[in-house]
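A.B. asks: make a model of this:
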Amino acid sequence: MKRKKLFFILIFTSIVAIACKQSNENRNVITGAEQTEKYLPLLKGKKVGIMGNQTSVVGTKHLVDVLLENNVDLKFAFVLEHGFRGTVERGEDINNEIDSKTGLPLYKLYKGNDKADSIVNSVDILIFDIQDVGARFYTYVVGMHRLMQLCANNNKPLIILDRPNPNGEQVDGPVRKDDAFKSDISFHKIAMVHGLTVGELAQMINGEGWLDNGVKCNITVIPLQNYTHSTPYELPVIPSPSLPNHLSVRLFPLLCLFEATDFSIGRGTDFPFQVAGYPNPIFGDFTFTPDSRPGMVNHVEQKGNLCYGIDLRELNPNNIKFSLKYILDFYKKSQQISGFNFFARPAFFNKLAGNAELQEQIKNGLSEEEIRASWKEELTEYKAMRKKYLLYEDFE
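C.D. replies: Numbering: from 1, shown residues only. So this is what the prediction gives:
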């Protein structure tokens, strides 16, 4: 009995130690936004615009509040997918409005804005401060690209307050092919798990000439302190309604390909991006029923249907690496069902993948090792390009 009690004490102590270590690592990392002494002087006496959302925080305060407290002449905020406060559902359009907490005018940039140039020209300088999650399909970096384009076109400087990449210790997956696969979910010619912070990606966009007409944006990156690409980092604020915790952020690159199928990955439950299933027992013993949750109402796969599948909530987030194992396993099982259409939205799948090959490789029964071999050369080339723009010690 004493041995058993001692065993549980040791296990509990280990869990606490791991949690404290992760917490300490988070505390040691100093984000760009927290280094006010470096960017507030650049804003003095200037009219300022910002692109931000609920992740734009300085400690426990929103960046907008910090700017206003320091008498910055803040004029507006550009808003991306999920809105300024992170409550808007994926894919939903956003209207120009006023932020109820600050009275700040909000202008949409997600899905475009015909008046964007005149809005940018109403200020002297702009700030970008939004948390990315390190996967090519996540749309916030597209917003940064468009803001860089607007600033370059209108000769406005841009300050980028850098934030850690919670999947930054890996570079993996296929690199997006030509512009036939370009969309908001596959905007840049980068790996599916790109291994960059937003500051590093901004430098790549400039350095590779990806802005229209080859223009360059005048950017100032406020870099992170005490951060390397090997530093584990748990986001202090959830980046969107469907990524409510560290595990979902780590699983996002592995499960996002399911978005082009009719399978549920937990939207409309309390555990989105932590499960996968479909209304057929062939897909697993774990059951769940998607319904509605805040930010997950209109675009919920298999809403109201009992789904059978897998529960990934017991996984250790820090041990998760990019893999095709879940998509391959579910496709293989689906072939036992006569007439089953796994790729419900094939064009969308190709945009997520960044190529047309992956879908065909899965259909042809290739193993993960064989599929990986097909993108090895392009991934090696991408890694070499990536190294030119790194601001922090790499994981390799």
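
A.B. asks: residue boundaries of the strands in this protein?
C.D. replies: Assigned by DSSP state E, the strands in the chain fall at 47-52, 57-58, 61-62, 73-79, 97-98, 105-108, 125-129, 158-161, 172-175, 191-193, 219-222, 275-278, 286-288, 307-311.

A.B. asks: ok, of those strands, where does mean pLDDT dip lowest?
C.D. replies: The minimum mean pLDDT among the strands of the chain belongs to strand 97-98 (a mean of 74).

A.B. asks: which residues touch it?
C.D. replies: Outside strand 97-98, the residues that touch it by CB atoms under 8 Å, 6 or more residues apart in numbering are Leu104, Pro105, Leu106. Any C-beta I mention is one placed from the backbone N, CA and C, and that applies to glycine too.

A.B. asks: narrow the residues you listed to those that are buried.
C.D. replies: Buried by 16 or more other CB atoms under 10 Å: Leu104, Leu106, out of these.

A.B. asks: between the contacts of strand 97-98, which is nearest Ser183?
C.D. replies: Leu106 (24.4 Å; CB to CB).

A.B. asks: that closest one contacts Asp99, doesn't it?
C.D. replies: Yes - shown here, Leu106 and Asp99 form a contact pair, counting by CB atoms under 8 Å, at 5.5 Å.

A.B. asks: what do those two both touch?
C.D. replies: Taking CB under 8 Å, 6+ apart as the criterion, Leu106 and Asp99 both touch Ala77, Phe84.

A.B. asks: excluding chain neighbours, what is closest to Gln302?
C.D. replies: Among residues not flanking Gln302 along the chain, Ser264 sits closest, at 4.3 Å (CB to CB, 6 or more residues apart in numbering).

A.B. asks: wouldn't the one you found be in contact with Leu306 here?
C.D. replies: No - checked against CB under 8 Å, the pair Ser264 and Leu306 is beyond contact range at 10.3 Å.

A.B. asks: low-confidence ranges in this protein?
C.D. replies: Scanning the chain for pLDDT under 70 picks out the ranges 1-27, 81-83, 85-96, 110-114.

A.B. asks: outline the domain layout of it.
C.D. replies: Domain ranges of the chain: 36-222, 246-365, per automatic domain parsing.

A.B. asks: of those, give the one that comes closest to Lys376.
C.D. replies: Across the domains of the chain, the minimum distance to Lys376, taken as CB to CB, is reached by domain 36-222, at 10.1 Å.

A.B. asks: any idea how far apart the tips of the closest one sit?
C.D. replies: One end of domain 36-222 to the other measures 10 Å (CA to CA, to the nearest Å).

A.B. asks: right, and Pro166 touches Ala135 too?
C.D. replies: No - with contact defined as CB under 8 Å, Pro166 does not count as touching Ala135 (10.0 Å).

A.B. asks: list the contacts of the closest residue to Leu247 other than its chain neighbours.
C.D. replies: Sequence neighbours aside, Pro317 is the residue nearest to Leu247 in space, at 4.6 Å (criterion: CB to CB, 6+ apart). Listed by CB under 8 Å, 6+ apart, the contact partners of Pro317 are His246, Leu247, Val249, Arg250, Leu251.

A.B. asks: let's see 6 Å
C.D. replies: Pro317 makes contact with His246, Leu247, Arg250, according to CB atoms under 6 Å, 6 or more residues apart in numbering.

A.B. asks: from Val57, how far off is the first one?
C.D. replies: Separation of His246 from Val57 (CB to CB, to the nearest Å): 17 Å.

A.B. asks: the two: who's more crowded?
C.D. replies: Taking other CB atoms under 10 Å, His246 and Val57 do not tie; Val57 has more neighbours (22 against 18).

A.B. asks: quick revisit: quick one: which of the contacts of strand 97-98 is nearest to Met51?
C.D. replies: Of all the contacts of strand 97-98, Met51 sits closest to Leu106, with 10.6 Å by CB to CB.

A.B. asks: can I assume that closest one is in contact with Phe84?
C.D. replies: Yes - between Leu106 and Phe84 there is a contact at 5.4 Å, judged by CB atoms under 6 Å.

A.B. asks: joint contacts of the two?
C.D. replies: Shared contacts of Leu106 and Phe84 (CB under 6 Å, 6+ apart): Asp99.

A.B. asks: follow-up on the earlier one: how about the contacts of Pro317 in TSV, adding distance to Lys216?
C.D. replies: Output for those, formatted as TSV (distance: CB to CB, whole Å):
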residue	distance to Lys216
His246	36
Leu247	39
Arg250	34
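
A.B. asks: looking at those, which are in helices?
C.D. replies: Mapping the contacts of Pro317 onto helices (DSSP state H) picks out His246, Leu247, Arg250.

A.B. asks: which of those residues lies closest to Asp394?
C.D. replies: Using CB to CB, Arg250 comes nearest to Asp394 of the ones in helices among the contacts of Pro317, at 19.3 Å.

A.B. asks: dump the residue contacts of the closest one.
C.D. replies: Contact analysis of Arg250 by CB under 6 Å, 6+ apart lists Pro317, Ile320.

A.B. asks: go on, the one 10 residues further on?
C.D. replies: By CB under 6 Å, 6+ apart, Ala260 lies in contact with Arg345, Phe348, Phe349, Leu352.

A.B. asks: nearest to His194, of those?
C.D. replies: His194 lies nearest to Leu352 out of those, by CB to CB, at 14.1 Å.

A.B. asks: number of residues surrounding the closest one?
C.D. replies: Using other CB under 10 Å, Leu352 has 25 other residues around it.

A.B. asks: mind checking how far it is from Asn226?
C.D. replies: 34 Å.
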